[in-house]
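# Sequence first, predicted coordinates after that:
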Amino acid sequence: MDKSWEVMSDLEDAFNEITTFRFLIEELKKAVDSNHTKRIIDSTSALDAFYNPYCTNWDEKFMKVWEFVVKKED
């Protein structure tokens, strides 16, 4: 596989993990709408736990793309 394709694919995979984040937000909305305190706490905790690893993963993949694709062209 071409290295450009590989790093771009990895970045896309990292971004696609946003669907997990979207799911957790929808669960939180349902919990709030139904005033289900335990589900609100669980969903909020899951969002909080997921946020930093998601951002770190995306940042790492983005930097690889930046280094390989953008800086390479300089």
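Yes, it's here.

# list the buried ones in the longest helix seen in the chain?
In the chain, assigned by DSSP state H, the helix with the most residues is helix 37-65. Burial within helix 37-65, assessed by neighbour count using 16 or more other Cβ atoms under 10 Å, is assigned to Ile40, Ser43, Ala46, Leu47, Tyr54, Asn57, Trp58, Lys61, Lys64, Val65. In short, each C-beta sits where N, CA and C put it, glycine included.

# Could you point out the member of those that lies closest to Glu27?
Nearest to Glu27 among the buried residues of helix 37-65 is Ser43, at 4.7 Å by Cβ to Cβ.

# Residues contacting stretch 49-68 from elsewhere in the structure, which ones?
For stretch 49-68, the external contacting residues (Cβ atoms under 8 Å, 6 or more residues apart in numbering) are 3-4, 7-8, 10-11, 13-15, 17-18, 20-21, 24.

# Which of those residues are buried? Put it as a ChimeraX command.
The ChimeraX command for the buried members of the contacts of stretch 49-68 (criterion: 16+ other Cβ under 10 Å) is given here:
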select :7,8,10,11,14,24
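
# now the contacts of stretch 49-68 as a markdown table including secondary structure and distance to Val69?
Putting those into a markdown table (DSSP: H, G, I helix; E, B strand; the rest coil; distance: Cβ to Cβ, whole Å) gives the following:
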| residue | secondary structure | distance to Val69 |
| --- | --- | --- |
| Lys3 | helix | 9 |
| Ser4 | helix | 6 |
| Val7 | helix | 7 |
| Met8 | helix | 7 |
| Asp10 | helix | 12 |
| Leu11 | helix | 10 |
| Asp13 | helix | 16 |
| Ala14 | helix | 15 |
| Phe15 | helix | 15 |
| Glu17 | coil | 21 |
| Ile18 | helix | 21 |
| Thr20 | helix | 26 |
| Phe21 | helix | 25 |
| Leu24 | helix | 31 |
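
# And the helix or strand hosting Glu26, how far out from the chain middle?
Element membership for Glu26 (DSSP states H and E) is helix 18-33. The chain centroid and the centroid of helix 18-33 are separated by 14 Å, computed with Cα atoms, centre = their mean, to the nearest Å.

# What part of this structure, helix or strand, is modelled with the least confidence?
Lowest by mean pLDDT, DSSP states H and E among the helices and strands of the chain is helix 71-73, with a mean of 70.

# I am finished for the moment; much appreciated.
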